[in-house]
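Visitor: quick check, what structure comes out for this input:
(chains A and B)
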There are 2 protein chains.
Amino acid sequence: MSLTEFPLIQRFFTQQRVKNPLTALGIGDDCALLSVPEGYQLAVTTDTMVENVHFFAGADPEQLGHKLLAVNLSDLASMGARPLSVTLALTLPSVDEAWLSAFSKGFLGLAEQHSVDLIGGDTTSGPLTLTVQALGLVPKGKGLMRSTAQPGDFICLTGCLGDAGLGLKIKQGYVCNQTHSEAALARFNHPNPQVEAGLALLDIANACIDISDGLLADLGHILEQSQVGARIDWELLPLSEPVKGYINETCDWTMPLIAGDDYELCFTVSPEKAVLLKMPFTKIGVIEALPQIRLYKSGQLQSLTSKGYEHFS
Amino acid sequence: MSLTEFPLIQRFFTQQRVKNPLTALGIGDDCALLSVPEGYQLAVTTDTMVENVHFFAGADPEQLGHKLLAVNLSDLASMGARPLSVTLALTLPSVDEAWLSAFSKGFLGLAEQHSVDLIGGDTTSGPLTLTVQALGLVPKGKGLMRSTAQPGDFICLTGCLGDAGLGLKIKQGYVCNQTHSEAALARFNHPNPQVEAGLALLDIANACIDISDGLLADLGHILEQSQVGARIDWELLPLSEPVKGYINETCDWTMPLIAGDDYELCFTVSPEKAVLLKMPFTKIGVIEALPQIRLYKSGQLQSLTSKGYEHFS
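Guide: Predicted structure coming up:
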């Protein structure tokens, strides 16, 4: 029997029971229906992953399912939103049951971890392209934006920088014989969206973004939209042992500044409020009134040429 | 200067000012923020269009932009939801400024007509694939579902059937010398989502779906999910002059039953409530307790072999 669209969606993506009491109607009708409690706003984001652009042909489908959801939950996290539900638009070159089974395992596994309901989707035939739209809840007027950084704010990061970038280099074969290469690969393949950290930043941070395109590019969005600048000290960057090892071997010290896919949060917070933060973070610099990023390394101002990955550039 | 992702989105898709007072934060941050008024639920839907599957290579980009949004608004309409906002995930093989300009004109033109805000998106490089997620508002508990048709309900349609199917045949070159071929082509290229009709059905209709995959397939979803059947009389089908002309010439009388893309609403309503409807509609049959569709033509029960278009079938 050939699998048609409807049994396909049902078979692989509706095993999950509705997790969230706010889901009034899930998959199976023309629309899903959601309740949004009083005092909250809905945070909405969408991200697409395309074969041979965002992932290699033949990529592990379970990791892919996890990562596709993770990058969308990361956008919610950077707004301080609690994930609520997602839709999934799958364009597939063929119906590969083993692929779909593994993909849905990765996707629904992370969804379950965050009590996120898959409430709708569309399955089409065509070149492998995966789009999620994610919906979350944020207390009214409290969403963490890019445009509200203030001069004097500390610039801070959750987690470490550059591990996913190192993972990509290992995957591409540019780097080998690395100790701890498994850990770096895992950071690339299996990012962990900083949902709890985003929630902990509400009412404390002034601005926030997630690091998907690299620190310089993403911090750059905060600076541009807040009409401020920044001083960053390279020595303050939180680097894992594998990334330190890579830099020692290659002298490629800009990698953690420009590599993407870390999905940590970069936020700014006033010195007075920074002491209220009940979560691990690293201060890497300070917001200044003067536009642009000034990067210091060994006390010397560095010249920056690359700002991270941009499509079509 | 090469266009990078951010200026590209800004240039073509943010000319539109925010139309809806419920849009608290539009394009430009990690998420958009929406207010949902008390007493309403959020209706959520997503639809993808893929080149060479849903549209021909080289399709008119302005028509494509219109149609992509129209098919999503049609899903909201079939729920009785008032459109609120959309996100747009564009996967493009290259940056073609003329294409983007025309596409955004078609997309934003229809958005403006329905006071829909484009609140977010993602632009990626890859094979041409277009995904929209649409959000709408429906009074709490009033959403028109597929699963609530009742035996004895009239089965009704807004508008006519088969025009888009005829338009497709004209476009494919299977049909020529048709009178009124322009009108049929327009129905295929430029569907009109039945948003006002959907709103008018609230509190009156028992079940509703939009006709995207053909009457038999889409009515079939209502029957399956409501665990009922239907009697349809072919002579009651609302057919335009071009479609009647096509059937007279070809004897292909099943076309209006199985052709998709009409984006009219098919709804069921009790005889008592049908008299309350303040909109044009056509009764084509009756819901019955016995499962399956029974189609009568010239008083004879017909045998049905095709149920419309399904992906991967």
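Visitor: do a quick rundown of the strands in chain A.
Guide: A:23-25, A:32-34, A:40-50, A:82-92, A:117-125, A:129-139, A:154-157, A:207-210, A:229-233, A:265-269, A:282-288, A:292-297, A:300-302 (DSSP state E).
Visitor: what's the second one packed up against?
Guide: The criterion is 3 or more C-beta pairs under 8 Å, 6 or more residues apart in numbering or on different chains; DSSP states H and E, and the helices and strands that strand A:32-34 contacts are strand A:23-25, strand A:82-92, strand A:117-125, strand B:40-50. Any C-beta I mention is one placed from the backbone N, CA and C, and that applies to glycine too.
Visitor: in a markdown table: the ones you listed, plus mean pLDDT.
Guide: Output for the helices and strands packed on strand A:32-34, formatted as a markdown table (pLDDT from 0 to 100):
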| stretch | mean pLDDT |
| --- | --- |
| strand A:23-25 | 90 |
| strand A:82-92 | 95 |
| strand A:117-125 | 91 |
| strand B:40-50 | 96 |
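Visitor: quick one: closest of the ones you listed to A:Glu272.
Guide: The minimum distance between A:Glu272 and these falls on strand A:82-92, with 26.0 Å, by C-beta to C-beta.
Visitor: partner strands of that closest one, parallel or antiparallel?
Guide: strand A:117-125 (parallel), strand A:129-139 (antiparallel) (DSSP bridges).
Visitor: please identify the most buried of those strands.
Guide: Of all the strands paired with strand A:82-92, strand A:129-139 carries the top mean neighbour count, a mean of 26, counting by mean count of other C-beta atoms under 10 Å in any protein chain shown.
Visitor: how far off strand B:40-50 does that strand point, in degrees?
Guide: 160 degrees (axes from the mean of the first three to the mean of the last three C-alpha atoms, to 10 degrees).
Visitor: give me the neighbour count for A:Gly106.
Guide: 22 (other C-beta atoms under 10 Å in any protein chain shown).
Visitor: distance check, it against A:Ala89.
Guide: Separation of A:Gly106 from A:Ala89 (C-beta to C-beta, to the nearest Å): 17 Å.
Visitor: now do A:Leu257 against A:Ala217, distance only.
Guide: Distance, A:Leu257 to A:Ala217, by C-beta to C-beta: 9 Å.
Visitor: looking at the two, which is more packed in?
Guide: A:Leu257 (24 against 20).
Visitor: so what's the more buried one up against?
Guide: A:161, A:214-216, A:234, A:237, A:295, A:304, A:308 (C-beta atoms under 8 Å, 6 or more residues apart in numbering or on different chains).
Visitor: now do 10 Å
Guide: A:161-162, A:165, A:214-217, A:219, A:232, A:234, A:237, A:293, A:295, A:302, A:304, A:306-308 (C-beta atoms under 10 Å, 6 or more residues apart in numbering or on different chains).
Visitor: alongside chain B, which residues does the stretch 151-300 of chain A contribute?
Guide: Within the stretch 151-300 of chain A, the residues that sit near chain B (C-beta under 10 Å from any C-beta of the partner chain) are A:198, A:207-210, A:212-213, A:217-218, A:220-221, A:224-225, A:265.
Visitor: let's go with 8 Å and repeat that
Guide: Residues of the stretch 151-300 of chain A found near chain B, taking C-beta under 8 Å from any C-beta of the partner chain as the criterion, are A:208-210, A:225.
Visitor: what would those residues look like in a markdown table with neighbour count and pLDDT?
Guide: Putting those into a markdown table (neighbours: other C-beta atoms under 10 Å in any protein chain shown; pLDDT from 0 to 100) gives the following:
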| residue | neighbour count | pLDDT |
| --- | --- | --- |
| A:Cys208 | 30 | 98 |
| A:Ile209 | 28 | 98 |
| A:Asp210 | 26 | 97 |
| A:Gln225 | 17 | 96 |
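Visitor: return the member of those nearest to A:Ala59.
Guide: A:Asp210 (21.3 Å).
Visitor: surely that closest one meets A:Asp218?
Guide: Yes - if you go by C-beta atoms under 8 Å, A:Asp210 and A:Asp218 touch, sitting 7.1 Å apart.
Visitor: now do the shared contacts for those two.
Guide: A:Cys266.
Visitor: that older thread, between the helices and strands packed on strand A:32-34, which one is closest to B:Val286.
Guide: strand A:23-25 (26.3 Å).
Visitor: who touches the closest one?
Guide: Contact with strand A:23-25 is made by A:31-35, A:85, A:117, A:119, B:41, B:141, B:143, B:145, as judged by C-beta under 8 Å, 6+ apart.
Visitor: gap between that strand and the chain center?
Guide: In terms of C-alpha atoms, centre = their mean, to the nearest Å, the centre of strand A:23-25 is found 26 Å from the chain centre.
Visitor: in its sheet, what does it sit against?
Guide: With DSSP bridges as the test, strand A:23-25 is paired with strand A:32-34 (antiparallel).
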